[in-house]
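Asker: sequence-free structure coming up:
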C-alpha cells in the first residue's frame, strides 16, 4: 500500500529497517539539534542521500491534531532511518512521542518527516474521528467536570456497530487522499477531493450506489468531529450517486442477472417454519446439534417475521428482553436504527393467542435455551446463540444465515433469478399485514419506521394478496371494526 506521508523533506525515503537500532546508543547531540544541523545537507556532505526539491505536505491542516494513541514513525536524518512510536499527548502545536525504545520527545510535526502507521492488534480499534472527540472538546471547553461530561456524551453519539463500520472507511479515505497525485488534503476536504474519492469508490467495482452513502457519512463524521463542516452533502455528490445507480441498473439489466432483487418472503414459508418449531419444541429434551440449529432458526424466523423488525435487531435480542406472561408476548428491541433519538426503549406486545402456536413455541424455546450448558460465567447475550457459537461477534447478516437454514431444510427457494434475505422478511411481513387491512400506524410501530419518513414505501407491496397465512400471522393486528379482506 502507498504510505501515508507527512512533512516531506529534502531527502529520499530510505527503507524502513526491520531491526531498528537504539537511538540512545552513541548519541551525542539532541534530536532537535540533529534535525537542524542536517536540514539542508547536500549529497556531497552526506553520501547516499539524493537531494530532492521541497514537496508539499499531503495533509497538515493547522486545526487538526494527531490523536492520542496514533502510531507513527519519524525520520531521523543523522541515523538515516525511521523510528516508530505513539502519540501520548497533544501540547498546542507540538505532540509528545513515546518511541518504542522508551525515549520520549516533544515535536512540532509540521517541521518533521513522518508517516502514520496502521493500528496494530494491540492498539486501539477506536476510529480516528472518535478518538479525536476528547482532544477536540478539551480544546474548546478546557478540562473540567462539565467538559468531561460533554465528551462522554459525544463519544456515545453513535452506536457501536456504526462506529466500527466507519473505522475502515475513514482509514481508506485517508489512504486514497494520500496516494493521489498530487496528494489531496482530506480534512478539511473540498468538492474536488470528495469527487475524487467517489470516483475511487466507483472504480472498485464492489460498491453499489445504495451503499456508497455510508462511506460519505464516515467522511462527514471525520470532519464534524474535528470542527469542520461536512463536505459530502452537496448536489454534486448526490448527482454522482444517482448516476452511479443508473449505470449499475443498466449493467444489471444488460447482464440478465437479477440476483440482487430481493423478493418478499411468502407467509406460507413462515407458517411452515413456525409449525416445525412447534413440533421440535414439543420434544426438545435431547435434540441433536442439527435439530437444535433448526429449532433456533425456525423460532427466529417466525418471531422476527411477526415483529417486522430488522435482522440485527432480532439477532441481538437478549433472553430477558423476551417476556412471556398471561397477557402475551412482550419484546423490548435492543438494537434499532434511530434508537438514539428515542427516549428509552420501546415495548411491542403480541396477544397470547394472537398468532396460533407462537406463544407456546416461544415458551418451549426459552425453557430449552435456559437449560443449555453455556458454562457458569458464559451466559449468552443473544437469545439465539447456542453453546458452540459463543466465540466472535455476530454481524447483522446473521439473520440471513438463519433464514437460509430454514429455506434449505424446509425445501423452499426464491423464484428464478431472485433472492431471499433478511430484508425479504420485512417486505413479506409488512406487505402481508397491509394486505389484510392492518393499520399503517401499527405496521410502522412494530417495524420501527417513522410514518412521516415514508420508509415503508420501500417495503410494503400494496398488491400483496391476502391469504390464510396472512390472517394467521397478522389477524390479531387488524382493527376489529374494519371490513374483512377477501382471502
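Answerer: That came in fine, so what should we check first? Just so you know, these numbers come straight off a predicted model, no measurement behind them.

Asker: CA atoms for contacts and neighbours, from now on please.
Answerer: Will do.

Asker: can you tell me which residue is nearest the centre of this structure?
Answerer: residue 165 (2.5 Å; Cα atoms, centre = their mean).

Asker: Helix, strand or coil: sort out that one for me.
Answerer: helix (DSSP: H, G, I helix; E, B strand; the rest coil).

Asker: State the distance from it to residue 214.
Answerer: Residue 165 sits 8 Å away from residue 214, going by Cα to Cα, to the nearest Å.

Asker: Next: residue 449.
Answerer: Using Cα to Cα, residue 449 is found at 19 Å from residue 214.

Asker: between these two, who's got more neighbours?
Answerer: Legend: neighbour count by other Cα atoms under 10 Å for residue 449 and residue 214, higher for residue 449 (18 against 14).

Asker: host element of residue 183?
Answerer: For residue 183, there is no enclosing helix or strand under DSSP states H and E.

Asker: I'd assumed residue 174 was in contact with it.
Answerer: No. Assessed by Cα atoms under 8 Å, residue 183 is found out of contact with residue 174, at 10.3 Å.

Asker: Pull the contacting residues for residue 193.
Answerer: When contacts are counted by Cα atoms under 8 Å, 6 or more residues apart in numbering, residue 193 touches 177, 184-186.

Asker: Sorry, wrong one. I was asking about residue 470.
Answerer: 267, 432-433, 435-436.

Asker: Residue 191 against residue 231, yeah?
Answerer: Yes. Residue 191 is in contact with residue 231 according to Cα under 8 Å; the separation is 7.0 Å.

Asker: Quick check: the residue lying closest to residue 473 once chain neighbours are set aside vs residue 95, distance?
Answerer: The spatially closest residue to residue 473, leaving aside those adjacent along the chain, is residue 355, at 5.4 Å (Cα to Cα, 6 or more residues apart in numbering). Distance from residue 355 to residue 95, counting by Cα to Cα: 63 Å.

Asker: ranges for the helices of the stretch 301-450 of the chain?
Answerer: Applying DSSP state H, counting those that start in this stretch to the stretch 301-450 of the chain gives helices spanning 311-315, 358-370, 398-410, 422-435, 440-447.

Asker: Tell me how far residue 311 lies from residue 389.
Answerer: 18 Å.

Asker: Same check on residue 417?
Answerer: 32 Å.

Asker: likewise residue 75?
Answerer: 46 Å.

Asker: before we move on, back to that, return the residues in contact with the residue nearest to residue 473.
Answerer: Residue 355 is in contact with 472-476, counting by Cα under 8 Å, 6+ apart.

Asker: Drop anything exposed from the residues you listed.
Answerer: 472-476 (16 or more other Cα atoms under 10 Å).

Asker: Residue 463: which of these is nearest?
Answerer: Relative to residue 463, the closest of those is residue 474; by Cα to Cα it sits at 16.8 Å.

Asker: how much space is there between the closest residue to the closest one other than its chain neighbours and residue 470?
Answerer: The shortest distance from residue 474 to any non-neighbouring residue, by Cα to Cα, 6+ apart, is to residue 433 (5.6 Å). Using Cα to Cα, residue 433 is found at 7 Å from residue 470.

Asker: and what of residue 480?
Answerer: Using Cα to Cα, residue 480 is found at 16 Å from residue 470.

Asker: Kindly report the same for residue 195.
Answerer: From residue 195 over to residue 470 (counting by Cα to Cα), the distance is 47 Å.

Asker: Run through the strands of the stretch 51-200 of the chain in chain order.
Answerer: 71-76, 81-91, 94-99, 104-107, 114-116 (DSSP state E, counting those that start in this stretch).

Asker: Rebuild the ones you listed as CSV, extending it with distance to residue 273.
Answerer: Shown next, in CSV, are the strands of the stretch 51-200 of the chain (distance: least, Cα to Cα, whole Å):
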stretch, distance to residue 273
strand 71-76, 51
strand 81-91, 54
strand 94-99, 59
strand 104-107, 63
strand 114-116, 52
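
Asker: Reformat the ones you listed as JSON lines; add mean neighbour count and distance to residue 244.
Answerer: Below are the strands of the stretch 51-200 of the chain laid out as JSON lines (neighbours: other Cα atoms under 10 Å; distance: least, Cα to Cα, whole Å):
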{"stretch": "strand 71-76", "mean neighbour count": "21", "distance to residue 244": "36"}
{"stretch": "strand 81-91", "mean neighbour count": "19", "distance to residue 244": "40"}
{"stretch": "strand 94-99", "mean neighbour count": "20", "distance to residue 244": "42"}
{"stretch": "strand 104-107", "mean neighbour count": "16", "distance to residue 244": "44"}
{"stretch": "strand 114-116", "mean neighbour count": "20", "distance to residue 244": "32"}
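
Asker: Tell me the one of the contacts of residue 193 nearest residue 200?
Answerer: Using Cα to Cα, the shortest approach to residue 200 within the contacts of residue 193 belongs to residue 177, at 10.2 Å.

Asker: Quick check: which ranges of the stretch 1-150 of the chain have low pLDDT?
Answerer: Along the stretch 1-150 of the chain, the model assigns pLDDT under 70 to residues 1-69, 88-90, 102, 118-136.

Asker: Could you identify the helix or strand that succeeds whichever strand or helix holds residue 203?
Answerer: Residue 203 is located in helix 191-204, with elements delineated by DSSP H and E. Using DSSP H and E, the helix or strand that follows helix 191-204 towards the C-terminus is helix 212-224.
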